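Asks: coordinates for the following, if possible.
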Amino acid sequence: MGVNLKDLIPQEVKTVIDDLKLLRGKIIVIDGYNALYQFLAAIRGPDGSPLMDSSGRVTSHLSGLFYRSINLVEEGLKIAYVFDGTPPDLKMKEIEKRKSIREEAAKKYEEAVKEGDLEAARRYAMMASKLSPDMVDEAKRLLDAMGIPWVQAPAEGEAQAAFMVRRGDAYASASQDYDSLLFGSLRLIRNLTISGKRKLPRKDAYVEVKPELIELNKLLEKLGLTREQLIDVGILLGTDYNPEGFEGIGPKTALTLVKSYGSIEKIPRGYLKTREEVDLQKIKNYFLHPPVTTEYKLEWREPDPKMIVEILVKDHDFNEERVKNAVDRLVRAYREYIKGRQLGLDQWFKKTGPS
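Replies: Numbering: from 1, shown residues only. Got it, this is the predicted structure:
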């Protein structure tokens, strides 16, 4: 779930991206697990059941990954994905909490289906979404066939993506979570993989969701914080490493406390009441120095139509005509926007600039 900084981010530091062509030529590193969970949640039948092949294997994540990635490449974006590795021990409590929520949601889903409450069934089905290792491996295999690079993070994918942006190997990270900012990503793009019309929960109404860009330096300047202080604010509100947060401390109070005392360590203990044991320094150090790898290569390749058809049509029963038409679009987009432009990253940024 990540830290919720939504109410602390002023509208003036957000840039709504009305036209994805504004990102043409930019390297965007997408949080793979975050995106796959979004596809799992969104691509479902009226009763909440996910797409499945004839063997009963879930394919919603593959459908979303395939068609959304093609849409982004057609706009001229150079996308790559990064996947989570081994979660830190700090995250175990949050992982158990999420597991419990999914299990409870699965029970409520079954009850809603029996009662014929399709709206509730869909809602609980989304909450019960689960990614298995096999599903992730199949997603990576599909990306290989599409010629889209992916990076295996040693731990948190968002930390790896943020590192790649800070290093100058990518323009921005893309995720729904704000943790990327705490990990130091210079630019975060939200809504990239879910843009378009979305139905409002429990309402017969739709909203237009557009990607938005948040620049870390602009945010810090507007709030009058350093990155370390932004991490402190996040810890006060609750992160994946201390999900309970602190009692009675909301966004405004957290900001006021950090600005008044300078750091979370200097805040009087009387303010910091929590229902869990929290090692403040350990959490802070993890955001500042997470495990990352430098052993990666961002290289886009000509899509392999035969392999894509093998994975989607033969293995998972996708419609062959629709897949082949989409593959044609992907190949055309690759040749127009990427082929012949496989510059070294230093050359790339000298020519386009990561601005």
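Asks: residue 330: neighbour count?
Replies: Residues within reach of residue 330, counting by other CB atoms under 10 Å, total 23. Every residue, glycine included, has its C-beta placed from N, CA and C.
Asks: contacting residues around it?
Replies: Contact analysis of residue 330 by CB atoms under 8 Å, 6 or more residues apart in numbering lists 70, 73, 74, 146, 303.
Asks: count the residues that sit near residue 115.
Replies: Neighbourhood size, residue 115 [other CB under 10 Å]: 10.
Asks: for it, give me phi and psi.
Replies: Residue 115 adopts backbone torsions of phi -80, psi -10, taken as degrees, to the nearest 10.
Asks: so which of the contacts of residue 330 is the most crowded?
Replies: For the contacts of residue 330, counting by other CB under 10 Å, the largest number of neighbours falls to residue 146: 27 neighbours.
Asks: for that residue, which non-adjacent residue is closest in space?
Replies: residue 303 (5.2 Å; CB to CB, 6 or more residues apart in numbering).
Asks: confirm that neighbour sits in a strand?
Replies: No - residue state for residue 303 (DSSP: H, G, I helix; E, B strand; the rest coil) corresponds to coil; a strand is not indicated.
Asks: how is the residue nearest to residue 149 when sequence neighbours are not counted assigned, secondary-structure-wise?
Replies: The spatial neighbour of residue 149 that comes closest, neighbours along the chain excluded (CB to CB, 6+ apart), is residue 80 at 4.5 Å. Taking three-state DSSP as the rule, one finds residue 80 in the strand state.
Asks: how far away is residue 80 from residue 300?
Replies: Residue 80 sits 8 Å away from residue 300, taking CB to CB, to the nearest Å as the criterion.
Asks: hey, what's in contact with both of these two?
Replies: What both residue 80 and residue 300 touch, as defined by CB under 8 Å, 6+ apart, is the set 148, 149.
Asks: who has more neighbours out of those two?
Replies: Between residue 80 and residue 300, residue 80 has the larger neighbour count (other CB under 10 Å), namely 25 against 20.
Asks: how close does the more buried one sit to residue 175?
Replies: Distance, residue 80 to residue 175, using CB to CB: 13 Å.
Asks: all strands for this protein, in order.
Replies: Remark: strands assigned in the chain by DSSP state E are 14-16, 27-31, 78-83, 150-152, 172-174, 187-190, 196-199, 206-209, 212-215.
Asks: let me see the contact set for the closest residue in space to residue 46 that isn't next to it in sequence.
Replies: Among residues not flanking residue 46 along the chain, residue 118 sits closest, at 5.5 Å (CB to CB, 6+ apart). By CB under 8 Å, 6+ apart, the residues touching residue 118 are 46, 47, 48, 112.
Asks: now which of the residues you listed would you call buried?
Replies: Listed as buried from the contacts of residue 118 are 47, 48, 112; burial here means 16 or more other CB atoms under 10 Å.
Asks: dump those residues to CSV, plus distance to residue 216 and pLDDT.
Replies: Output for these, formatted as CSV (distance: CB to CB, whole Å; pLDDT from 0 to 100):
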residue, distance to residue 216, pLDDT
47, 41, 80
48, 37, 83
112, 41, 83
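Asks: just those: which are in helices?
Replies: Judged by DSSP state H, helices contain the following of the buried ones among the contacts of residue 118: residue 112.
Asks: for the residue nearest to residue 211 when sequence neighbours are not counted, grab the count of nearby residues.
Replies: Of all residues not flanking residue 211 in the chain, residue 17 sits nearest, at 4.2 Å (CB to CB, 6+ apart). Look at residue 17: counted by other CB under 10 Å, it has 18 neighbours.
Asks: hmm, residue 17 is touching residue 24, no?
Replies: No - using CB atoms under 8 Å, residue 17 is not in contact with residue 24, being 11.4 Å away.
Asks: overlap in contacts, the two.
Replies: In contact with both residue 17 and residue 24: no residue, using CB under 8 Å, 6+ apart.
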